[in-house]
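Starting from these lines, generate the structure:
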Amino acid sequence: MTNATETGRIDYARHAPDMFRSMLAFSQAAAQGLDPVIAELVKIPASQINRCAFCLDMHTADARKAGESDRRIFLLDAWQEVRDLYTPKERAALALTEAITLLTDGFVPDEVYERAAEHFDDAELARLVGAIVAINAWNRFGVTFRRQPGGAE
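Residues are numbered from 1 along each chain as shown. So this is what the prediction gives:
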């Protein structure tokens, strides 16, 4: 195979730069107007669920750079068990992230959507869903092309 990365898979950004730029633009548009803490927090559990090492490495480092505590980052995988570490708004965003990422029953449950709608105005909710969809798309690229972590620190 020619033009393969160290994993033997292609560098999709190099071979489809217009698609890569479009993904970047979509991600940036989704983040506009969102609380930057929430925008980072939703990327980590989606990346955990999707097992995207590259995105986990990048977004945990980004969250730290944005001032997020190690404790809150480390406990994201068990956010439902931690009572006072995340705000109700953050908890609603995390629940929505899991529902959109997993789509276990083929849809986002009404109670999860309604809880998010209680904490986010319509424009913010649209952008939150966009941010969650964007990280899930990035995760799919990362795991398909086996992007390796590194350089995020």
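
tell me what the lengthiest helix in the chain is packed against?
When the chain is parsed with DSSP state H, its longest helix is helix 122-144. On a contact count with 3 or more Cβ pairs under 8 Å, 6 or more residues apart in numbering; DSSP states H and E, helix 122-144 meets helix 17-31, helix 43-50, helix 53-65, helix 88-102, helix 110-119. Where you see a C-beta, it was placed from the backbone N, CA and C, and this is true even at glycine.

Looking at those, which is nearest to Leu76?
helix 43-50 (5.2 Å; Cβ to Cβ).

Tell me the spacing between the residue sitting nearest the centre point of the chain and Asp122.
Nearest to the mean C-alpha position of the chain, counting by Cα atoms, centre = their mean, stands Lys43 at 2.2 Å. Going from Lys43 to Asp122 by Cβ to Cβ, to the nearest Å gives 22 Å.

on contacts alone, who are the packing partners of the lowest-mean-pLDDT helix or strand in the chain?
Ranking every helix and strand in the chain by mean pLDDT, DSSP states H and E puts helix 12-15 at the bottom, with a mean of 89. Contacts defined by 3+ Cβ pairs under 8 Å, 6+ apart place helix 12-15 against helix 17-31.

counting contacts, what elements does the helix it packs on pack onto?
Helices and strands touching helix 17-31, by 3+ Cβ pairs under 8 Å, 6+ apart, are helix 12-15, helix 122-144.

Just the angle for that helix relative to helix 122-144, thanks.
Angle, helix 17-31 to helix 122-144, by axes from the mean of the first three to the mean of the last three Cα atoms, to 10 degrees: 140 degrees.

Can you report how many residues neighbour the residue nearest to Arg51 when sequence neighbours are not counted?
With sequence-adjacent residues excluded and distances taken as Cβ to Cβ, 6 or more residues apart in numbering, Arg51 is closest to Val143, at 6.3 Å. For Val143, the count of nearby residues is 16 (other Cβ atoms under 10 Å).

Equivalent analysis for Lys89, please.
17.

I figured it hits Asp121, correct?
No - at 11.4 Å, Lys89 does not count as touching Asp121 under the criterion of Cβ atoms under 8 Å.

quick one: the residue lying closest to Pro88 once chain neighbours are set aside from Ala93, how far?
Leaving aside its sequence neighbours, Pro88 sits nearest to His119 (Cβ to Cβ, 6+ apart; 6.4 Å). For His119, the distance to Ala93 (Cβ to Cβ) stands at 8 Å.
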